[in-house]
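> Fold the following for me, if possible:
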Amino acid sequence: MKRVAAHFKRIIIVGLAVAMAAGMVSLALAQDKPKTKDPNERKKKDELKSVYKRWLDEDVTYIITDEERKAFKALKTDEERDQFIEQFWLRRDPDPDTPENEYKEEYYQRIQYANEKFSSGIPGWRTDRGRIYVKFGKPDEIESHPSGGQYERPSYEGGGSTSTFPFETWWYRYIEGVGSDIEIEFVDPSGSGEYRIAQSPNEKDALLYTPNGGLTLAEQLGMANKVDRITGGGLGTQGGMFGGRAKDQPFEKLALLADLNKAPSIKFGDVAVKADLPEIATDVLPFSVRTDFFRMSSESVATSFTMQFDHSDLSFKNQGGIYSGQVNIYARLTGLSGRRAGNFEDTVQTARYSEDMLKDGQAQRSIYQKNIALPPGRYKIDVVARDTVSGKSGILHHSFEVPRYQDKALATSTIILAASIEPISAGQFIIGRYKVKPYVSGVYKPGQNLALFLQVYDAEMDQSTLQPALKVEFIVSRGGQELFHAVEDGKSKTGIIDMKGQQLVVARAIPLQDKLAEPGTYTVTARITDLVSQKVVSPQAQYTVVSK
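Presented below is the predicted three-dimensional model:
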């Protein structure tokens, strides 16, 4: 019995071991087995992709530019796509300072109206009338002939009577990017309600293919042949003996149709879209941007944006032996919260050079400046520049902080490293009573003058002279070692201390010679001491000297 019991005991132990091993194998297999995917996951992803595809191919298909479409298709993440869509509408917002985007709201109202008024077996927004209405809005005038019938041609169509299909003529006083006095004719030859853009007045003529029917006056008098109207392709005017309108000529008509097929014009749209992209094409246009600040009040600061383009980086176009270059600029300002703080766009035109002066001209530079009043705070500026001759583009994303100037506190503007400081004249670069052209790159060569300009605010008055009493020092150092130290009294030929009203200007020209001409990066400090209040401010700036 003991042997039997022992035998059964061994069987039980072995069985348990086998069962445990099998359980462990099953557990391992269970762990290796991939988790069951949500059967709706792919469907959800496809639906999400279809949202962006529908936005591109339906919502904005008429108004998105080729550059924008290309950029949108190049985006990799949904986050980038969402950001792009937001900026797409912001670029078209006529008043960014309001919470509403009037353009976007009106655009979707146009789509709704087109669907209600122009549907004919297909959605109204897909019809020709719907497309024009969605893109350009309500025409200034509409001439409608919903039933067609008897029609007396005007003289510029050749005169005479005929019968027409249903048609409408839309007239726009002006369309941005297309022109003035825009006339568009829509014809419904099938009577189905689907009007199509006509390329010629002939298309509405129901008797065009009827022998001796609906003749023009010239055809009635034997001075023209109706066959010519049919075989002419329908593009020519029918004016005949009375003469037609210039806008009805074949090339004018084709040009109009091509312009109507383009996305509505937005200035520098191909440039502006690049500001929303993390990278641009490898064909890069280098340029420099700097910001300077000048107090207007405690809550408003004049912020000066200056851009510099070296002519050696630009392409010049030859027009009749005169060479010049051109750069389109688009800039967008956003606050720390992401809210848009403004934008500007402009064209920089280089000086014009004859062929024998072109080499010298390509060693020069062009600068552009824009001044905007901003409240104190942190901002970002996205600047995109495009060389219109070569097509090269450059982009800079620059963060900056507009300082807060306290009332009755000694302070200065930023130190401007200038190319020149002159008495006031018309044009850009005007600061108070002076015209100051910044040296944006801050890169100098030995022998040049380092021109420095700044304003001083809220210096206390010396009661004996009723004038500020300042000690102005300019210090140039490199690697912590002082190389130049000058006290400016405003009496030398190289310095200015100018007080007009409440505006105090300090300026100095420092020749880059000897120790100051060695290649490297330098720090220049303007130490301003108010001798009345004994307060001191010491704004700084950096510049670089390169070998010739």
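
> Verify the assumption that Leu257 is located in a helix.
Yes. Leu257: assigned to a helix according to DSSP: H, G, I helix; E, B strand; the rest coil.

> what about it, how many residues close to it?
For Leu257, the neighbour count with other Cβ atoms under 10 Å is 14. In this view, the C-beta of every residue, glycine as well, is placed from N, C-alpha and C.

> Is it correct that it is in contact with Ser200?
No. Using Cβ atoms under 8 Å, Leu257 is not in contact with Ser200; the gap is 10.9 Å.

> Buried ones in stretch 520-527, by neighbour count?
Tyr522, Thr523, Val524, Thr525, Ala526, Arg527 (16 or more other Cβ atoms under 10 Å).

> among those residues, which are in strands?
Tyr522, Thr523, Val524, Thr525, Ala526, Arg527 (DSSP state E).

> Same list, those, but as a markdown table with distance to Glu67 please.
Below are those laid out as a markdown table (distance: Cβ to Cβ, whole Å):
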| residue | distance to Glu67 |
| --- | --- |
| Tyr522 | 42 |
| Thr523 | 42 |
| Val524 | 42 |
| Thr525 | 46 |
| Ala526 | 45 |
| Arg527 | 50 |
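
> The residues you listed: which two are farthest apart?
Farthest pair in those (Cβ to Cβ) is Tyr522 and Arg527. Separation: 15.7 Å.

> thinking again about what came up before, adding pLDDT, write the buried residues of stretch 520-527 out as TSV.
Shown next, in TSV, are the buried residues of stretch 520-527 (pLDDT from 0 to 100):
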residue	pLDDT
Tyr522	94
Thr523	94
Val524	94
Thr525	94
Ala526	92
Arg527	93
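
> which among the residues you listed gets closest to Tyr434?
Ala526 (16.0 Å).

> any idea how far the closest one is from Gln467?
Plainly put, Ala526 is 19 Å away from Gln467 if you go by Cβ to Cβ, to the nearest Å.

> Thr350 now?
Counting by Cβ to Cβ, the separation of Thr350 from Gln467 is 44 Å.

> Repeat that for Tyr543.
Tyr543 sits 31 Å away from Gln467, going by Cβ to Cβ.

> out of the two, which sits in the more crowded spot?
Using other Cβ under 10 Å as the criterion, Tyr543 and Gln467 rank with Tyr543 on top: 19 against 12.

> Name the residues linked to the more buried one by a beta bridge.
Beta bridges link Tyr543 to Tyr522 when assigned by DSSP bridges.

> I figured it hits Val443, correct?
Yes. Using Cβ under 8 Å, Tyr543 is in contact with Val443, at 7.3 Å.

> what's the closest non-adjacent residue to Glu482?
In space, and not counting its chain neighbours, Glu482 is closest to Ile475: 6.1 Å by Cβ to Cβ, 6 or more residues apart in numbering.

> how about the helices in the stretch 251-400 of the chain?
Secondary structure of the stretch 251-400 of the chain by DSSP state H, counting those that start in this stretch: the helices cover 269-272, 358-361.

> Which of these has the lowest mean pLDDT?
Note on these: lowest mean pLDDT is at helix 269-272, with a mean of 57.

> how about whichever strand or helix holds the residue nearest to Glu482: buried residues?
According to DSSP states H and E, Ile475 maps onto strand 470-478. Under the neighbour-count criterion of 16+ other Cβ under 10 Å, strand 470-478 has Leu470, Val472, Glu473, Phe474, Ile475, Val476, Arg478 buried.

> need the residues you listed in CSV with pLDDT and distance to Asp128, can you?
Shown next, in CSV, are these (pLDDT from 0 to 100; distance: Cβ to Cβ, whole Å):
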residue, pLDDT, distance to Asp128
Leu470, 86, 72
Val472, 90, 71
Glu473, 91, 73
Phe474, 93, 70
Ile475, 93, 72
Val476, 94, 69
Arg478, 92, 70
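
> Nearest to Glu80 among the residues you listed?
Nearest member of those to Glu80, counting by Cβ to Cβ, is Arg478, at 43.6 Å.

> Which positions are bridged to the closest one in the beta structure?
With DSSP bridges as the rule, Arg478 is bridged to Gln481.

> just checking, it touches Pro519?
No. Counting by Cβ under 8 Å, Arg478 does not reach Pro519; the two are 10.5 Å apart.

> With just CA atoms, put stretch 506-519 into PDB.
Extracted in PDB, the C-alpha atoms of stretch 506-519 (Å, rounded to 0.1, in the frame of the first residue of the first chain):
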ATOM      1  CA  VAL A 506      23.900 111.500 -27.600                       C
ATOM      2  CA  ALA A 507      26.100 110.400 -30.500                       C
ATOM      3  CA  ARG A 508      29.700 109.700 -31.300                       C
ATOM      4  CA  ALA A 509      31.900 108.400 -34.200                       C
ATOM      5  CA  ILE A 510      34.800 106.200 -33.200                       C
ATOM      6  CA  PRO A 511      37.400 105.400 -35.900                       C
ATOM      7  CA  LEU A 512      38.300 101.700 -36.000                       C
ATOM      8  CA  GLN A 513      42.000 102.000 -36.000                       C
ATOM      9  CA  ASP A 514      45.000 100.400 -34.200                       C
ATOM     10  CA  LYS A 515      43.700  98.100 -31.300                       C
ATOM     11  CA  LEU A 516      40.100  98.700 -32.400                       C
ATOM     12  CA  ALA A 517      40.800  97.400 -35.900                       C
ATOM     13  CA  GLU A 518      41.900  93.900 -34.900                       C
ATOM     14  CA  PRO A 519      39.500  91.100 -36.000                       C
END
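
> Residues in contact with that stretch: which ones?
412, 421, 434, 444-456, 470, 472, 474, 476, 483-484, 486, 488, 494-498, 522, 524, 526, 528, 545-547 (Cβ atoms under 8 Å, 6 or more residues apart in numbering).

> In terms of helices and strands, where is Ser547?
If you go by DSSP H and E, Ser547 is not part of any helix or strand.

> Count residues in the vicinity of it, would you?
Counted with other Cβ under 10 Å, the neighbours of Ser547 add up to 8.

> re earlier: mind listing which of the contacts of stretch 506-519 are in strands?
Those of these lying in strands (DSSP E): 412, 421, 434, 444, 449-456, 470, 472, 474, 476, 483-484, 486, 488, 495-498, 522, 524, 526, 528, 545.

> Give the buried subset of those as a PyMOL selection command.
One line in PyMOL is enough to select the buried ones among the ones in strands among the contacts of stretch 506-519; burial here means 16+ other Cβ under 10 Å:
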select buried, resi 412+421+434+444+449+450+451+452+453+454+455+456+470+472+474+476+484+488+495+496+497+522+524+526+528+545
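
> Can you tell me how far Ser315 is from Pro511?
Counting by Cβ to Cβ - Ser315 and Pro511 are separated by 35 Å.

> which residues of the stretch 151-300 of the chain score low on pLDDT?
Judged by pLDDT under 70, the stretch 151-300 of the chain has its weakly predicted residues at 231-244, 267-283.

> quick revisit: quick one, what contacts the residue nearest to Glu482?
By Cβ under 8 Å, 6+ apart, the neighbours of Ile475 are Glu482, Phe484, His485, Val524, Thr525, Arg527.

> Output those as CSV; include the columns distance to Thr334.
Formatted as CSV, the contacts of Ile475 follow (distance: Cβ to Cβ, whole Å):
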residue, distance to Thr334
Glu482, 40
Phe484, 40
His485, 41
Val524, 31
Thr525, 32
Arg527, 35
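
> which one of those is nearest Tyr52?
Using Cβ to Cβ, the contacts of Ile475 come closest to Tyr52 at Val524, 51.4 Å.

> quick one: that closest one and Leu454 touch, right?
No. The criterion here is Cβ under 8 Å, and Val524 misses it with Leu454 at 10.7 Å.

> where do the contact lists of those two overlap?
Common neighbours of Val524 and Leu454 (Cβ under 8 Å, 6+ apart) are Ile415.

> In three-state terms, label Lys247 for me.
Classification of Lys247 using three-state DSSP returns helix.

> show me what contacts it?
Lys247 sits next to Asp181, Glu183, Lys253, Leu256 when contact means Cβ under 8 Å, 6+ apart.

> Now for the residues you listed: which two are most distant?
So, these by Cβ to Cβ: farthest apart are Asp181 and Lys253, at 13.5 Å.
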